[in-house]
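**Student:** Sequence and predicted model, in that order:
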Amino acid sequence: MNQLTRELLDGPGPLLLVPDAVLLPEGPADGFAVVVADGSFQAVGPVEELRRTHPHLDGVQLAGQLLMPGFVDAHHHLTQSFGSALAFGEPSEIFRRVWVPLEGALDEESAYTAAKLAALEALRGGFTTVADAGTRAAVDVDVVACAARDAGIRCVLGLVCDDTSLAGASAPGVAATGAAGAGDGGASVLADAEKHLARYDGDPLVHSSLAVSIPEAATSATLRSVARLAAEAGATVQIHVNEHLAAVERSLLRHGMRPLEHLHHIGVLGSHLLAAHATLLTPRELSLLADTGAAVSYNPVASAWKGNAVAPAVTMAERGIRFGLGTDGTRGDGFRLAEAAEFAQRITYGLATGDSSCGAGWTWLEAATRGGADAVGLRARTGAIAAGLAADFLVVDVTNPELALSWDVPWELVRRGNRDQITAVFVAGRMRLWRGMPTSWDGPGLVRRAVELARAAVERAPITRVHPTSTAARVRSTAP
């Protein structure tokens, strides 16, 4: 598409967009168009019908392009972007040794820059929404909200509501920071939680959420109260649940129950819960999720990079358990995330059972879009191309060698889609990226500043790694 098309897309609107096809929940629709105005899809339907009902609009022809929903990242840690490569080759539960110390070393500028850098990477990968599970940086969480808003991405923003010290014991002398009322007891935590839930009412891009790092990081009373507050506000409460063997064993020793069982026992499970990871689930725990309507963030890349298991997502889909896909901050590419979701299920379950379909492509594409929006509490706001929903969408080039010969668009997008095929990214009806670059702010300048701040933050953070860098490991392996 040429410069004129870009200028039309970047205009004030309303816009009548006429791509080759529109990806609807039921599949791709050829000869369809959309009308975008006031940040939402005003109409979706056949081209001629929309031309007839909106004669005042000159259609913007998007030849060779597919218009599809933006991806939803159901689990992210925006202020951890400075340390992405520090997790490579490391064993599980690196939050104690890497993430908590790193976030504790961030000041206001570095926290803002880290979050905006993560948002930029997410937008470049086709994500129009990210669910942030809360920062432990000793800054006002509004710093993260400002970064997301300035980048132009929709954000479900968690406030950490931990009130015990376990989650902060990452290394000697390192205490948890950034949590609501950290160290002040449950009353302060809940007061801050109530303020946070009301803080972003009416914000077009930022949506409040509560978070508890892991079940052991809050008392049973606080967990119940946080869940109640979230449910009453129509918000989510994000908790890392059944992610690692160590966490399951700690819960068994402390409560005589596995983490998810414990949360159910104290009344925390419900449609307001977004359980991050949920990789180690028994059949009974799957039933608890199905029966209570709780949602899961299935994070396949995180499982491959630092996990003990892969969440049984095919079984979740069969059981009607709500789930979306999350990056856990690993890499911000929605297409590669969807492919990893399918690939992980095929390796862990499909090959062993002879399931050659393994979700049939559409399962993972839907989990990456509409399912993710549902899991993070935004089903009524985003996740699909439909009249009345926010205009959060991608314009994807389908003339490239990978997609031009497609016989099955959902499968092709899952297996052969890539972020370099994204022409434009729209959030709330505004074009935020054009060919991978922000349209209204200096992306390369942000990256340069992030490099400077990241070096300083990592140097002062008491990070403990188990393994050396890959270069050092090679030297060791080739030493005589």
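**Tutor:** Looks like it came in fine. Computed from a predicted model, the values in this text were never measured in an experiment.
**Student:** Retrieve the pLDDT associated with residue 478.
**Tutor:** Reading off the confidence values, residue 478 has pLDDT 84.
**Student:** Could you report the neighbour count for the residue nearest to residue 393 when sequence neighbours are not counted?
**Tutor:** Distances taken as C-beta to C-beta, 6 or more residues apart in numbering place residue 426 nearest to residue 393, at 5.1 Å, with adjacent residues excluded. The C-beta positions use only the backbone N, C-alpha and C, and glycine is treated the same way. Residue 426 sits with 24 neighbouring residues when counted by other C-beta atoms under 10 Å.
**Student:** Next up, identify which helix or strand residue 426 is on.
**Tutor:** strand 422-427 (DSSP states H and E).
**Student:** Check this protein and tell me which residue is nearest its centre.
**Tutor:** residue 73 (2.0 Å; C-alpha atoms, centre = their mean).
**Student:** Quick check: phi and psi on that residue?
**Tutor:** phi -90, psi 110 (degrees, to the nearest 10).
**Student:** can you pull the contacts of it?
**Tutor:** Residues counted as contacts of residue 73 (C-beta atoms under 8 Å, 6 or more residues apart in numbering) are 122, 127, 129-131, 325-327, 332, 334, 337, 372.
**Student:** Mind putting those residues into TSV with secondary structure, neighbour count and distance to residue 480?
**Tutor:** Shown next, in TSV, are the contacts of residue 73 (DSSP: H, G, I helix; E, B strand; the rest coil; neighbours: other C-beta atoms under 10 Å; distance: C-beta to C-beta, whole Å):
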residue	secondary structure	neighbour count	distance to residue 480
122	helix	30	45
127	strand	30	47
129	strand	31	53
130	strand	32	48
131	strand	31	50
325	strand	29	46
326	coil	31	44
327	coil	29	41
332	coil	26	41
334	helix	30	46
337	helix	29	42
372	helix	35	51
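**Student:** Distance of the closest residue to residue 75 other than its chain neighbours relative to residue 339?
**Tutor:** Once flanking residues are discounted, residue 75 sits nearest to residue 326: 2.8 Å by C-beta to C-beta, 6+ apart. Using C-beta to C-beta, to the nearest Å, we find residue 326 at a distance of 15 Å from residue 339.
**Student:** chain center to the helix or strand of the chain at the bottom of the mean pLDDT ranking: distance?
**Tutor:** Least confident element among the helices and strands of the chain, by mean pLDDT, DSSP states H and E: helix 3-9 (a mean of 83). Relative to the chain's own centre, helix 3-9 is displaced by 29 Å; criterion: C-alpha atoms, centre = their mean, to the nearest Å.
**Student:** Show me the contact partners of that helix.
**Tutor:** 15, 17, 60-62, 395, 424, 431, 434.
**Student:** who touches stretch 348-362?
**Tutor:** Residues from elsewhere that reach stretch 348-362, judged by C-beta under 8 Å, 6+ apart: 27, 310, 312-315, 317, 342, 345-346, 408, 410-411, 413-415.
**Student:** switch to 10 Å and redo it
**Tutor:** 25-27, 300, 303, 309-315, 317-318, 338, 341-347, 363-367, 408-415 (C-beta atoms under 10 Å, 6 or more residues apart in numbering).
**Student:** What helices and strands are in contact with the helix or strand hosting residue 315?
**Tutor:** Following DSSP H and E, the helix or strand that holds residue 315 is helix 313-319. Where contact means 3 or more C-beta pairs under 10 Å, 6 or more residues apart in numbering; DSSP states H and E, helix 313-319 is packed against helix 283-292, strand 295-298, strand 322-325, helix 334-345, helix 362-368.
**Student:** Make a PyMOL selection of the buried ones in the contacts of stretch 348-362.
**Tutor:** Buried subset of the contacts of stretch 348-362, written as a PyMOL selection, criterion 16 or more other C-beta atoms under 10 Å:
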select buried, resi 300+303+309+310+311+312+313+314+317+338+341+342+343+344+345+346+363+364+365+366+367+409+410+411+412+413+414+415
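**Student:** Return the set of buried residues in the least confident helix or strand of the chain.
**Tutor:** Counting neighbours by 16+ other C-beta under 10 Å, helix 3-9 gives 5-6, 8-9 as buried.
**Student:** before we move on, what about stretch 56-75?
**Tutor:** Neighbour counts using 16+ other C-beta under 10 Å place 57, 59-62, 64-75 of stretch 56-75 among the buried residues.
**Student:** First-to-last residue distance for it?
**Tutor:** 41 Å (C-alpha to C-alpha, to the nearest Å).
**Student:** before we move on, the earlier item: what separation do you get for the residue nearest to residue 75 and residue 198?
**Tutor:** 26 Å.
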